[in-house]
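**Q** Below is the structure, and that's it, no one-letter string:
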């Protein structure tokens, strides 16, 4: 379709109280709170909503957290217009790369690939029942130290997080630490991994992660300890495809893959062998 044939679409930053799809989890809620100017609404000439997008800036990366276009309007340039608005927002904030976690669905992947992104990794959504109370022998008795509010924003935790992923982290470690849900695994008195968890409102399900570690082995050692602390009857975890040691550790705990998504980016950064996400997200 030629540009002159595209329907007229205008995009504006979502206004306070304007109807946009509700956040699907705590991460998106937090992102919208910290980046209110990153929520965009596309309308036609009569003011009808055609689609919405949510983006957040973290360090030098723009994260596209959601992009929704009305089914009848797909393939007509609405998504490209929303993506352009999000990219302009990121550029104005000094970002140098774009990342998005897309569903494993052909039209969505084709859209983002045509926009210049490439596949970074496959993300496996995993679920398990209640974790065993006794972690496996290799990590039994390993010290877990609580991480207090404030500490995650500086020092070794921030450095480890950047070293592990190499790209932006929208999860606010401080927010999780304030809930008492961040711990570190130490070896020889030195931290080698950090991990967090989130409980749902009912307290019956727990999302494990993020986990960031200096080595894949340390990440795999932290996972069962983190799971053993969970009071939830159901556990969820998101693992990048190359995190083989974490995948084996998750399998030993009874985790099974239930969904797949694709992490796309316009720059390859980070070592995801040492990283796990939570809430079905890697960001």
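**A** Looks like it arrived, so ask away. The model shown is predicted, which means the values in this text are computed figures rather than measured ones. Numbering: from 1, shown residues only.

**Q** only C-alpha atoms for contact and neighbour calcs from this point on.
**A** OK.

**Q** Give me the pLDDT for residue 112.
**A** You'll see residue 112 listed with a pLDDT of 95.

**Q** Please apply the same query to the one 10 residues further on.
**A** The predicted local distance difference test score for residue 122 is 91.

**Q** With the one 10 residues further on instead?
**A** Per-residue confidence for residue 132 comes out at a pLDDT of 52.

**Q** show me the contacts for residue 51.
**A** Residues touching residue 51, when contacts are defined by C-alpha atoms under 8 Å, 6 or more residues apart in numbering, comprise 41, 42, 43, 67, 68, 69, 70, 78, 79, 82.

**Q** go on, residue 86?
**A** Residue 86 sits in contact with 38, 40, 53, 54, 55, 64, where contact means C-alpha under 8 Å, 6+ apart.

**Q** now, the most widely separated pair of these?
**A** Largest separation among those by C-alpha to C-alpha: 40 and 64, giving 11.2 Å.

**Q** Please enumerate the shared neighbours of the two.
**A** Between them, residue 40 and residue 64 share the contacting residues 53, 54, 86, judged by C-alpha under 8 Å, 6+ apart.

**Q** list the buried ones in the lengthiest strand in the chain?
**A** The strand that spans the most residues within the chain, counting by DSSP state E, is strand 118-129. When neighbours are counted by 16 or more other C-alpha atoms under 10 Å, the buried residues of strand 118-129 are found to be 118, 119, 120, 121, 122, 123, 124, 125, 126, 127, 128.

**Q** Turn those into TSV, columns for distance to residue 276.
**A** As requested, the buried residues of strand 118-129 are arranged in TSV below (distance: C-alpha to C-alpha, whole Å):
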residue	distance to residue 276
118	20
119	18
120	15
121	12
122	12
123	10
124	10
125	10
126	11
127	13
128	15
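
**Q** Does residue 242 belong to a helix, a strand or coil?
**A** For residue 242, the assignment made with DSSP: H, G, I helix; E, B strand; the rest coil gives coil.

**Q** In contact with it, which residues are there?
**A** Counting by C-alpha under 8 Å, 6+ apart, the residues that residue 242 touches are 121, 272, 273.

**Q** Now residue 40: closest residue in space that isn't a chain neighbour?
**A** Counting by C-alpha to C-alpha, 6 or more residues apart in numbering, the nearest residue to residue 40 once its immediate chain neighbours are dropped is residue 13, at 4.5 Å.

**Q** Dihedrals phi and psi, residue 145?
**A** In this entry, residue 145 is assigned phi and psi values of phi -110, psi 130 (degrees, to the nearest 10).

**Q** Which stretches in the stretch 1-150 of the chain count as helices?
**A** According to DSSP state H, counting those that start in this stretch, the stretch 1-150 of the chain carries its helices in the segments 26-34, 78-92, 106-114.

**Q** quick one: which of the shared contacts of residue 40 and residue 64 is nearest residue 177?
**A** Set against residue 177, the nearest of those by C-alpha to C-alpha is residue 54 (25.1 Å).

**Q** Tell me the pLDDT of the closest residue to residue 255 other than its chain neighbours.
**A** The shortest distance from residue 255 to any non-neighbouring residue, by C-alpha to C-alpha, 6+ apart, is to residue 128 (4.4 Å). Here the pLDDT value assigned to residue 128 is 91.

**Q** Can you name the residues that contact residue 128?
**A** Taking C-alpha under 8 Å, 6+ apart as the definition of contact, the neighbours of residue 128 are 234, 235, 236, 253, 254, 255, 256.

**Q** Could you rerun that using 7 Å?
**A** Taking C-alpha atoms under 7 Å, 6 or more residues apart in numbering as the criterion, residue 128 is in contact with 234, 235, 236, 254, 255, 256.

**Q** can you tell me how far it sits from residue 212?
**A** Here the distance between residue 128 and residue 212 works out to 21 Å (C-alpha to C-alpha, to the nearest Å).

**Q** same deal with residue 88?
**A** Taking C-alpha to C-alpha as the measure, residue 88 falls 31 Å from residue 212.
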